[in-house]
Each structure stands twice: as C-alpha cells, then as structure tokens.
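> With the input below, show me the fold.
(one chain, ligands or ions: 1)
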Amino acid sequence: MIASRLSVEDGADLYARASLPELGELAFAQRREMHPDGVVTYVIDRNINYTNVCVTGCTFCAFFRFPHETGGYVLPEATIHQKIRETLDIGGTGILIQGGLNPKLGLQYYVDLFSGIREAFPAIHIHGLSAEEIFFIAKISKKSFEEILRTLQSAGLRTLPGGGAEILVEDLRKEVNRSQCGVEDWFEIHRTAHRLGIRSTCTQVIGFEESVEDRLAHLERLRALQEETGGFTAFITWTYQPTGTRRGGRSVGATEYLKHLALCRIFLDNVPHIQSSWPTQGEKIGQLALFFGADDMGSVMIEENVVAAAGTIHTTTEKRLRELIAEAGFIPKKRTHLYEHIE
Ligand code: SF4
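Numbers count the residues shown, from 1 in each chain. Presented below is the predicted three-dimensional model:
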C-alpha cells in the first residue's frame, strides 16, 4: 500500500472540505504524475447491443424489453458483421458488444458469435459482455465463471467491459440493479478474468442517492482488486440518466460529476487510465474533465443505445475528438483497447 493513500474517511473529508478547483488541482497533479507526456488517448470502436431482451428489469434502465414484451430484438449475425465492417472502414479497432440477459441465448450463441467475428474480421478487438452477462450465461449453462470465461476467450473475447457495476455496495446495488449478480459476483468475475489474462475496465454510476462514503466504498474495493491482480486498464464514471426509466428522479449536475471525477483520480491511484464521460456530459464538460483527472476520451461513439434510451447521448467524429483534446492543450493519440498508442 502507498503510505499517502487516501482511506474512505480521508476521501469523504477531502470531498467535503475542498472546493471544485482545489480538487481539480489535486487530481490534475496526480494525472500528470501518472502520465507526464501530456497525451490524451481515444479509441475508435462501436457499441453493438446484440439484444435488448432482458429478464432483469433494472429500475435505471430504459433500454431493455422483457421477453414477453413487444419491441425485443436479437440482431442477426449479418447485421453485426455489417456494423463491424463500417467500424473498420473509419479506422476502428474494436467493438464493445453488450446486451440484455436474454434466456434464449446460451453459451453456444456467444461462442458462435465471437468465433464468427474472429474469422471474418481477425483484426477487430472484441471487448464484450459485462459481469452480469457472464453471471447469467454461467447460471443458465450451469458452468463456473472460469469455464465460461475460458470458453469465450478461446472463441475470441479479448477484454471485459466494467458495465453492470452501477454502485458496488450491496444494499444500494440491490435496489437499482435487479440481476442476481451481486457485488461479490461482480468482483469474482473480474478477478477470474484477470487471472486468465482477460483485462477489464471498471466503472461506477453516480446519482442513485448514494452517499460520498458509498461511492468511496465502491472505489476502495476496485482499488483492492487492482492491487491484487493489476488487471484493470481504466475506470469510467458517469451519471445516472433518468429519462424513460422506472426509477425516474433527477440527474447529477456537471459540478458534482467533475468533483467526483477528481476524487476518483486521487483515490484510485493504481488504475492507470480514467475516461472522460463526454457522451453523457457533452463536449464542453467532457473537455473540462481532462483537467479533473481524465487522461482518455473513450470512444468516438459511432453508436450507443443503452444510455441513449435514458436521455441525451452525444456522439462525435475522430476529427472533433482530436480537436477537443488539442484545444485543451494535450496531444491526441489513438489507442487500442489495451491502451497502446497506435500512431
Ligand atoms: S441494465 Fe442490463 S441487466 Fe439491467 S435491465 Fe438493462 S439490459 Fe437488463
């Protein structure tokens, strides 16, 4: 452990006492120490939501359809391949493939899907399936997390997105996330993935009326797993988008987002990269996030359906993303899903 590492109590105290500029200054200093080259990275990829059918019904989600409802879909393989072709055509390197917990799709569906993608597009990086999807596939296949992850890795899965975390504090999580994938399951799936050489991102959604201590307890668990495995490549936090959800309520404002982002950079001192959530915050706040601890602009977002179903989602082009980075005084660099610079 690092001697100066913040505890949950220290973090909560800092958050209460420090102003937005003060927190930004501390986070920026931490970011500069970790990334002194002044580079801000981004990736060109596409979100492919292969199905919106889901048995879960999370209260914050406006994307899913229950199996008995109209409007449910499973994308045909040809459509998925067409989306990948379009991604490659604009210089894309990967896909983020995620969907609902669809009881009609067993392990073999994913094996066929991933091996079909790998065969047709060997260069594309498959970043896919959140912990709750892995949990669900394991449950309906009656196999362990390790068996599922090993099988999917052999079929072409390269890295795991950190989605499905929401707020990793059991009582709060149960209230918003209706899947059976609990906090310990989420961590066990990521721990197992890291052991198998499948690196992952980690995430946090704020705005569920959680306390700062709850947020920090979540971050503390992420930091501890990173200490154990070193498998997280990046952390992404965004704000709950209430439109069209059963939960309703309000969205967290930009000041709170930036303050929280800065606290995350200071607290998560062993997770190398932090993304700006410009798709939920918009270009201006997304750019400002680079002074509050973020060193990565995430994806150009050719397509996004899940958060878009619950509010505004911003998309952009590579040119505009590079402009935003350069205007803020940083050096834009395209990267892979493993955060290697590719130019
Ligand atoms: S967030 Fe995921 S698991 Fe929850 S209802 Fe939406 S699609 Fe289903």
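
> tell me the SS of residue 200?
Here residue 200 is recorded as strand under DSSP: H, G, I helix; E, B strand; the rest coil.

> Just grab the bridge partners of it for me.
Beta-bridge partners recorded for residue 200 (DSSP bridges): residue 160, residue 232.

> OK, contacts around the closest residue to residue 343 other than its chain neighbours?
Leaving aside its sequence neighbours, residue 343 sits nearest to residue 334 (CB to CB, 6 or more residues apart in numbering; 5.2 Å). For every residue, glycine as well, the C-beta is placed using N, CA and C. The contact partners of residue 334, by CB atoms under 8 Å, 6 or more residues apart in numbering, come to 41, 42, 43, 44, 91, 93, 318, 341, 342, 343.

> just checking, the first one is part of a strand?
Yes: if the criterion is three-state DSSP, then residue 41 is within a strand.

> That one contacts residue 337, correct?
No: counting by CB atoms under 8 Å, residue 41 sits too far from residue 337 to count as a contact (10.9 Å).

> follow-up on the earlier one: backbone dihedrals for the residue nearest to residue 343, both of them.
Note on residue 334: its backbone torsions stand at phi -70, psi 150 [degrees, to the nearest 10].

> Give me the distance between it and the ligand.
For residue 334, the distance to the ligand (CB to the nearest ligand atom, to the nearest Å) stands at 29 Å.

> pLDDT score for that residue?
Note for residue 334: predicted pLDDT of 97.

> which stretches of this structure have low pLDDT?
1-3, 301, 303-315 (pLDDT under 70).

> Tell me the residues of it that contact the ligand?
Contact residues (CB under 6 Å from any ligand atom) of the chain with the ligand: 54, 56, 57, 58, 61, 63, 64, 100, 101, 132, 179.

> Out of these, which end up buried?
54, 56, 58, 61, 63, 64, 100, 101, 132, 179 (16 or more other CB atoms under 10 Å).

> Just give me the closest of the residues you listed to residue 322.
residue 63 (29.6 Å; CB to CB).

> Tell me if I am right that that closest one is in a helix.
No: Residue 63: not assigned to a helix; according to three-state DSSP it is coil.

> Tell me the spacing between it and residue 49.
Distance from residue 63 to residue 49, counting by CB to CB, to the nearest Å: 7 Å.

> Against residue 233, how distant is the residue nearest to residue 343?
The gap separating residue 334 from residue 233 is 16 Å, by CB to CB.

> Could you do residue 53 as well?
From residue 53 to residue 233 the distance is 30 Å (CB to CB).

> Also residue 194?
10 Å.

> Find the residues that touch each one of these two.
Shared contacts of residue 194 and residue 233, defined by CB under 8 Å, 6+ apart, comprise residue 200.

> mind listing the strands for this structure?
39-43, 45-49, 94-98, 125-128, 157-160, 199-206, 232-239, 273-274, 296-299, 331-334 (DSSP state E).
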